[in-house]
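A.B. asks: just the structure for this:
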Amino acid sequence: MAMKVSSVRGLVLGTPAVEMSRRFYSDVWGLTEVAYTGSRLAYFTCGGADHWVLGLEQSEVPQMSRLRLGVDTSGDIDCLAERLVGDGLEIDSLPAPLLGPGDYYGFTMKDNAGRLVEISALETPRSGARTDPSGTSHIVLNCADVRACVDFYERHFGFEVSDWYEGDGLIFMRCNSAHHSIALAKSDRDTLNHVAYQMQDLESVVRNSERIKHDAGQNPIWGPGRHGPGGNVFSYFKDPAGFVCEYTAELIQIGPDDKWVAKAWTPGPNVSNVWQTGGAPPAAAASMSGAGQFQKNDGGH
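C.D. replies: Numbers count the residues shown, from 1 in each chain. Alright, predicted model coming up:
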């Protein structure tokens with residue numbers, strides 16, 4: 001049986017500011033460092049089942065080094081790898097245990113834009129207390145050819161379009177009950193737009209945003225607010241390397257029996273933030289554009 005992706009586990013970020021980023025994600029953002037291999041790679045977890053949701057590695061320039069997707073079982077991994085090869089795609093190696101904390105089994109490959117994608121099954125979920133953040137909610141990717149990316153993630157990984165902005169400015173895609181696990185943004189570059197971390201509820205998003213403002217002296221670049229597509233509450237910040245990270249909660253859930261009809265949304269400030277609070281969207285959009293990030297598929301900026 002041909003299996004599909006069922007979750008977004010997280011990512012690995014290359015950063016020229018590893019030590020500052022380590023302190024930010026541990027002391028400010030609320031993740032827990034679970035392993036550190038000198039100056040090369042640090043792993044972070046949070047309150048969910050994944051043994052790690054974020055990796056930081058030393059890099060001369062900011063870049064998304066790896067996108068991490070999940071499937072349910074190791075058998076699903078074997079089926080998916082076989083199907084992808086049958087589709088004419090190349091995978092880097094046969095499915096095998098992966099390096100890093102936790103017993104992940106999977107493989108890596110490149111997507112249509114040249115991004116390195118890890119697909120894995122978690123043999124033994126992590127047992128931990130319910131804390132904020134509790135895991136990766138969704139990841140948004142900037143795409144030079146957004147429709148080609150949509151086709152790739154639909155055709156090969158089983159994602160479905162939930163909603164989109166008119167003009168294909170942003171296309172929301174799901175792989176489970178969440179309204180979107182990835183979103184693809186029209187851009188002139190293939191880079192990271194932002195990564196969102198799941199919080200318990202609206203109160204938790206607002207409370208932790210205020211904590212960062214008061215304790216770390218860092219204001220959100222946008223939020224708290226509520227999006228129209230997806231209905232989720234949000235608050236966006238920048239890490240020391242300039243990557244955008246988001247606290248989010250209350251994302252619309254779409255059950256298998258729900259008669260969901262994807263629709264086009266007209267872009268505008270009353271749609272991107274129905275509350276009309278928390279700063280100007282253009283300033284946040286500039287931070288999410290990925291300007292200054294390294295693009296692996298073209299060898300430079």
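
A.B. asks: run through the helices of the stretch 201-301 of the chain in chain order.
C.D. replies: 202-211, 269-272, 281-288 (DSSP state H, counting those that start in this stretch).

A.B. asks: CSV please, covering the ones you listed and showing distance to F24 and mean pLDDT.
C.D. replies: Where C-beta positions appear, they are placed from N, C-alpha and C, glycine not excepted. Shown next, in CSV, are the helices of the stretch 201-301 of the chain (distance: least, Cβ to Cβ, whole Å; pLDDT from 0 to 100):
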stretch, distance to F24, mean pLDDT
helix 202-211, 14, 97
helix 269-272, 26, 91
helix 281-288, 15, 86
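
A.B. asks: reformat those helices as TSV; add distance to G158 and mean neighbour count.
C.D. replies: Converted to TSV, the helices of the stretch 201-301 of the chain look like this (distance: least, Cβ to Cβ, whole Å; neighbours: other Cβ atoms under 10 Å):
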stretch	distance to G158	mean neighbour count
helix 202-211	29	17
helix 269-272	28	14
helix 281-288	26	16
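
A.B. asks: now render those helices as TSV, adding distance to Y104.
C.D. replies: TSV is the format used below for these (distance: least, Cβ to Cβ, whole Å):
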stretch	distance to Y104
helix 202-211	28
helix 269-272	35
helix 281-288	29
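
A.B. asks: of all those helices, which one is nearest P256?
C.D. replies: helix 202-211 (26.2 Å; Cβ to Cβ).

A.B. asks: how about the lowest-mean-pLDDT helix or strand in the chain as PDB, C-alpha atoms only?
C.D. replies: When the helices and strands of the chain are scored by mean pLDDT, DSSP states H and E, helix 281-288 comes last with a mean of 86. Taking Å, rounded to 0.1, in the frame of the first residue of the first chain, the C-alpha atoms of helix 281-288 are listed here in PDB:
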ATOM      1  CA  PRO A 281       1.900  42.800   8.200                       C
ATOM      2  CA  PRO A 282       4.400  44.400   5.700                       C
ATOM      3  CA  ALA A 283       7.100  44.500   8.300                       C
ATOM      4  CA  ALA A 284       6.500  40.800   9.200                       C
ATOM      5  CA  ALA A 285       6.400  39.800   5.500                       C
ATOM      6  CA  ALA A 286       9.800  41.400   4.900                       C
ATOM      7  CA  SER A 287      11.200  39.200   7.700                       C
ATOM      8  CA  MET A 288       9.600  36.100   6.300                       C
END
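
A.B. asks: how far out from the middle of the chain is it?
C.D. replies: Put simply, helix 281-288 sits 17 Å off its chain's centre (Cα atoms, centre = their mean, to the nearest Å).

A.B. asks: for stretch 111-127, same thing?
C.D. replies: Worked out by Cα atoms, centre = their mean, stretch 111-127 lies 12 Å from the chain centre.

A.B. asks: flag every buried residue along that stretch.
C.D. replies: For stretch 111-127, the neighbour count (16 or more other Cβ atoms under 10 Å) marks 111-113, 115-122, 126 as buried.

A.B. asks: let me know which of the helices of the stretch 201-301 of the chain is the nearest to D190.
C.D. replies: Comparing the helices of the stretch 201-301 of the chain under Cβ to Cβ, the one sitting nearest is helix 281-288, at 13.8 Å.

A.B. asks: what helices or strands is that closest one leaning on?
C.D. replies: strand 222-226, strand 233-238, strand 244-249 (3 or more Cβ pairs under 8 Å, 6 or more residues apart in numbering; DSSP states H and E).

A.B. asks: between those, which one is nearest to F294?
C.D. replies: That would be strand 244-249 among these, by Cβ to Cβ, at 16.1 Å.

A.B. asks: mind listing what that closest one pairs with, with the direction of each?
C.D. replies: strand 192-198 (parallel), strand 233-238 (antiparallel) (DSSP bridges).

A.B. asks: got the angle between the last one and helix 202-211?
C.D. replies: Just to be clear, that refers to strand 233-238. 30 degrees (axes from the mean of the first three to the mean of the last three Cα atoms, to 10 degrees).

A.B. asks: buried set for strand 233-238?
C.D. replies: Neighbour count says strand 233-238 has 233-238 buried, by 16+ other Cβ under 10 Å.

A.B. asks: what's the farthest-apart pair in the residues you listed?
C.D. replies: V233 and K238 (18.8 Å).

A.B. asks: can you check the distance spanned by stretch 97-111, start to finish?
C.D. replies: By Cα to Cα, to the nearest Å, the extent of stretch 97-111 from end to end equals 21 Å.

A.B. asks: for it, buried residues please.
C.D. replies: 98, 100, 102, 104-109, 111.

A.B. asks: what's the most distant pair in those?
C.D. replies: Longest span within the buried residues of stretch 97-111, Cβ to Cβ: G102 and D111, 23.3 Å.
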